[in-house]
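1. after the sequence you'll find the predicted model.
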Amino acid sequence: MTPREQPEQQAPPVQRLRVRYAKRGPARFTSHRDFSRAFERALRRAEVPMAYSSGYSPHPRISYANASPTSAATEAEYLEIGLAQMCDPSLVRDALDAALPPGLVILTVVEADRTSFADLLTASTWSVDMGDVDADVLASAVERLLASDEVHITRMTKSGLRDFDVRAAVIELAVVDDRTLRLVSLQQTPLVRPDDVVAALRKVEPRLDTGRPALLLRIDQGRLVDGAMVAPF
Amino acid sequence: MTTLDTTAATAPESLFNRLEPLLAQVSKPIQYVGGEHNSVVKEWASTDVRWCLMYPDAYEVGQPNQGVAILYELLNERDWILAERTYSVWPDLEKLMRSEGLVQFTLDAHRPVRAFDLFGVSFSTELGYTNLLQALDLAGIPLHAAERGLDDPVVIAGGHAAFNPEPIADFIDAAVLGDGEEASLHISEIVRAWKTEGRPDGRDGLLLRLAATGNVYVPRFYDVAYLDDGRIQRVAPNRPGVPFQVRKHTLMDLDAWPYPSKPLVPLAETVHERYSVEIFRGCTRGCRFCQAGMITRPVRERSIDTIGAMVANGLKATGLEEVGLLSLSSADHSEIAAVTKQLADRYEGTNVSLSLPSTRVDAFNIDLANELSRNGRRSGLTFAPEGGSERMRKVINKMVTEDDLIATVATAFGNGWRQVKLYFMCGLPTETDEDVLAIADMARRVIKTGREVSGTRDIRCTISIGGFVPKPHTPFQWAAQAHPDVIDARLMKLRDVVRNDRQFGKAIGMRYHDGKPGQIEGLLSRGDRRVGRVIEEVWRQGGRFDGWSEYFSYDRWAAASASALDGTGVDLEWYTTRERDYDEVLPWDHLDAGLDRDWLWEDWQDAIDGAEVEDCRWTPCYDCGVCPQLGTEIQIGPTGRTLLPLTVTGSHLTAKSDA
């Protein structure tokens, strides 16, 4: 009998690049899994010299940070890739952007420094379209939510029904127009998502429930420095 | 290019803006969005002939379909043809579409399906029929072909199930038998000419031109008469210019048609995420249950160079890492050893993985499997002995002995494999309980051999058993289908024997389905035009996605069969468990797959006697009739040619300082 051979150990990456990308238009309906498959295939079509993990089924070295929920458009998603050869970040940006399907857009590629993504990406700015709602009702619901010390909602997660205190994560919630809110929220554990904030508003004010999910757009992501959002790059 | 007719000159508006608000409310919305890599959006007005292609199942099943991928690409390569795709929408979106008045749309430009000239639907299985009705209804196209007007698309069925389209005869305008590459272009030309001339004689004028080719079946141009006992008396054309027999189309020289060369890369997850190359089409192994093997003759191989070029280009065009070398029996390619070894050499050290589905029980295949798993991944080996007993395998002409199988698995276990999966059928003609229980004996011998050869008890054998459904254009087209109760009883006996085996039972996994869905598949496979009423009734009662066990309802089909066939003198059992005579006119007798009816009958008689027939690729022709009837011939190698290593170029993305 031939013994099974251990697969050879892969070399560590020689370069790490950080990528900011957007999901626009219909592409916002890609789930995180959909995006990661599309991204891996785009890496191969663009012939980016990826570093791979070791093991029987080696995977390209990609780490994702704080993926937006499916159906949210976003201008501020981040990921990091490990390369097997030194590359010019701007050439990688152009090649990857050209290889991705429409609506998935590579905005910026930079060389990674020693900082950690987790420290750099602790808050997001969202635009939340609440649909056809009464402007006064919306404004008062926002006021009441901000005036509360805690607003709890429950959501089904993989580990069962969980309780979230939405209020604790909300840094800023402002009415932009009749139906749109601007939300700045913290990304802590457990993660309060923008749709949780919508659920909390609808709990505070049931008349905001249009029967349809709110439309979400992540405008920015980074860390808050003296109340201002600072993007990682 | 100028637009030829005025009615469709203005491009229909994209429905996406109306669809988008619904998408956030349905599961897996990405499947309805389109925009996949390699998808094509053309300007409506700049094309003359417009196809909407459909695979009548959910996107995740339909998107990987090879047939649709081939047609989509080659039709869109012509500047005067536009082809878009549509798939079945799940009930959650269907409900929203109906309440919002949104119609069935294409994925590519979100155009309404009804605006197209042709609506081509590919049926791999009969269980997609209710989804056809669903799509027609959602598209706003009249369900019945007879009620359609000049501006409705011509609904054309293709795929293997189209070899007996009689059950859907009322709902389709035409069916195309056989290979679609040339046929779809030919149809496009006929449609273009008809439109250029100002659509003379209306819809029937076009259908008559299609029927006159002898390759396109227009059910409405044939009348079916029945005998008092319910059998068919005759099927005959009801107007001049329509042939008595419609012939299947056969593509010769697959090297000249290397499609798909740049298939769509889905964003949504699908059932097959690999680049597939059909390494040959057709099969003459002669397995008597196998409709695919009978209706796709003769064998036509792609050469090693074309396969190599398709794989290289396909990987580049898609970014996929898995390659499937497809065919009905992949190890039968005349140069399969060279193909697998040389491809494995080419992609050694990369993450490209090769797979060879549909291989026979043959020790030679272990060599191939070794080549294909050089990177160390060894999931499991799958073989299909199909019949549990030697006698059964003779009946179905699956020429493999138990000793062959044991020798094969011994080699596999000796090479480090630990798992073997075996496929069987239950309910085959002449089958007894003993034939089915022999499956357990075989599984036991596999485990025993595996333990001896590998020296470990960590050996598994999974037996997977499907109910046999007799299919048109096969020697078993006359056979009585086993009643679901018979199949279920045999499967239970087998399960008990496996369970109660203290020595090997725990190492044997058994997978099976109950016999009921197979009976409905049998009704649809060998049905005639009267079955159309059953399909319509089932659909009206909410039936759709019948290929999905969570949606399929046997009770709904049984009730609809009883009500819709009331007064015809025939019923569900008449269509399924009844054996047919030589003299009976079968619903598909006027559709010519090239097979000589008398040869099929003789092969059916040989089956009952347990007499085997060899493969005509390496023994003399046994006169199945296909080659002389259709003017085709076997096209096989070896070519003796070899693949050159791919040139490795440096990355064009390297840092400027290095350049």
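-> Okay, I see it.

2. what number of residues lie near the residue in the stretch 201-350 of chain B positioned nearest to chain A?
-> Here the residue of the stretch 201-350 of chain B nearest chain A is B:Gly319; by C-beta to the nearest C-beta that distance is 3.3 Å. (Glycine included, C-beta is placed from N, CA and C.) B:Gly319: 21 surrounding residues under other C-beta atoms under 10 Å in any protein chain shown.

3. the one 3 residues further on too?
-> Counted by other C-beta under 10 Å, the residues lying close to B:Glu322 total 15.

4. could you do B:Asp433 as well?
-> Count around B:Asp433 with other C-beta under 10 Å applied: 12.

5. these two touch, right, it and B:Arg490?
-> Yes - counting by C-beta atoms under 8 Å, B:Asp433 does reach B:Arg490; the two are 5.8 Å apart.

6. using the three-state scheme, assign the residue in chain A that chain B sits nearest to.
-> Relative to chain B, the nearest point of chain A is A:Arg41 (3.3 Å; C-beta to the nearest C-beta). A:Arg41 falls in the helix class when you classify it by DSSP: H, G, I helix; E, B strand; the rest coil.

7. B:Arg641 and chain A: what is the separation?
-> To chain A, B:Arg641 is 28 Å away according to C-beta to the nearest C-beta, to the nearest Å.

8. got it, and B:Leu523?
-> 38 Å.

9. which one is that residue nearest to, not counting chain neighbours?
-> B:Tyr575 (4.9 Å; C-beta to C-beta, 6 or more residues apart in numbering or on different chains).

10. repeat that for A:Ser148.
-> A:Arg167 is the one closest to A:Ser148 (C-beta to C-beta, 6+ apart), at 5.5 Å.

11. pull the number of nearby residues for the one you found.
-> Neighbours around A:Arg167, by other C-beta under 10 Å: 18.

12. geometric centre of chain B: which residue is closest?
-> B:Ser124 (3.3 Å; C-alpha atoms, centre = their mean).

13. so A:Arg44, which of the three states?
-> Classified using three-state DSSP, A:Arg44 is helix.

14. correction: the previous question concerned A:Thr115.
-> coil.

15. now do A:Tyr21
-> Of the three states, A:Tyr21 takes strand under three-state DSSP.

16. same deal with B:Lys394?
-> Assignment for B:Lys394 (three-state DSSP): helix.

17. for chain A, what spans make up the strands?
-> For chain A, strands defined by DSSP state E occupy the ranges A:15-23, A:62-65, A:73-83, A:104-111, A:123-129, A:152-157, A:160-165, A:170-175, A:180-186, A:215-225, A:228-230.

18. how about those strands in TSV, adding distance to B:Arg526?
-> Converted to TSV, those look like this (distance: least, C-beta to C-beta, whole Å):
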stretch	distance to B:Arg526
strand A:15-23	49
strand A:62-65	51
strand A:73-83	51
strand A:104-111	48
strand A:123-129	55
strand A:152-157	47
strand A:160-165	50
strand A:170-175	65
strand A:180-186	60
strand A:215-225	51
strand A:228-230	67
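
19. who's in contact with B:Leu524?
-> B:126-127, B:129, B:161, B:167, B:531, B:535 (C-beta atoms under 8 Å, 6 or more residues apart in numbering or on different chains).

20. apologies, that question was intended for B:Asp606.
-> Per C-beta under 8 Å, 6+ apart, neighbours of B:Asp606: B:475, B:612-613.

21. quick check, nearest of those residues to B:Asp403?
-> Nearest to B:Asp403, judged by C-beta to C-beta, of the contacts of B:Asp606 is B:Glu612 at 16.0 Å.

22. ok, that closest one touching B:Asn397?
-> Yes - using C-beta under 8 Å, B:Glu612 is in contact with B:Asn397, at 5.5 Å.

23. more crowded one of the two?
-> A count of neighbours by other C-beta under 10 Å puts B:Asn397 above the other of B:Glu612 and B:Asn397, at 25 against 16.

24. and A:Arg179, how many residues sit next to it?
-> Residues lying near A:Arg179 (other C-beta under 10 Å) number 18.

25. check the closest residue to it other than its chain neighbours and give its pLDDT.
-> Using C-beta to C-beta, 6+ apart and skipping the chain neighbours, the partner closest in space to A:Arg179 is A:Met130 (5.0 Å). What the model reports as pLDDT for A:Met130 is 96.

26. where does the chain have low pLDDT?
-> As the question left the chain open, I've gone with chain A. Scanning chain A for pLDDT under 70 picks out A:1-7.

27. wrong one, chain B
-> B:1-9, B:358, B:363, B:375-379, B:648-650, B:655-659.

28. which helix is the longest one in it?
-> helix B:433-454 (DSSP state H).

29. which parts of the next helix or strand after it are buried?
-> With elements assigned by DSSP states H and E, the helix or strand that comes after helix B:433-454 is strand B:460-467. Neighbour counts over strand B:460-467 (16 or more other C-beta atoms under 10 Å in any protein chain shown) mark B:460-463, B:465-467 as buried.

30. for stretch A:202-213, same thing?
-> Under 16+ other C-beta under 10 Å, the buried positions of stretch A:202-213 are A:202-205, A:208, A:213.

31. please apply the same query to stretch B:68-76.
-> Buried-residue list, stretch B:68-76, by 16+ other C-beta under 10 Å: B:68-76.

32. now tabulate these in TSV and tack on distance to chain A and secondary structure.
-> TSV is the format used below for the buried residues of stretch B:68-76 (distance: C-beta to the nearest C-beta, whole Å; DSSP: H, G, I helix; E, B strand; the rest coil):
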residue	distance to chain A	secondary structure
B:Val68	19	helix
B:Ala69	16	helix
B:Ile70	21	helix
B:Leu71	22	helix
B:Tyr72	16	helix
B:Glu73	17	helix
B:Leu74	22	helix
B:Leu75	21	helix
B:Asn76	17	helix
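
33. pop the domain breakdown of chain A in here.
-> What automatic domain parsing lists as the domains of chain A is A:15-114, A:121-230.

34. can you say which of those domains is nearest to B:Leu206?
-> Going by C-beta to C-beta, the one of the domains of chain A nearest B:Leu206 is domain A:15-114, 35.1 Å.

35. start to end distance for that closest one?
-> 12 Å (C-alpha to C-alpha, to the nearest Å).

36. skipping its backbone neighbours, what lies nearest residue 182 in space?
-> You didn't say which chain, so I picked chain A. Per C-beta to C-beta, 6+ apart, closest to A:Arg182 is A:Ala174, 4.7 Å.

37. try again with chain B
-> B:Glu182 sits nearest to B:Leu251 (C-beta to C-beta, 6+ apart), 6.1 Å away.

38. number of residues surrounding the residue nearest to A:Asp178 when sequence neighbours are not counted?
-> Nearest residue to A:Asp178, sequence neighbours excluded (C-beta to C-beta, 6+ apart): A:Ala135, at 4.3 Å. For A:Ala135, the number of neighbouring residues by other C-beta under 10 Å comes to 12.

39. so B:Phe504 makes contact with B:Thr449?
-> No - between B:Phe504 and B:Thr449 there is no contact under C-beta under 8 Å: 11.1 Å.
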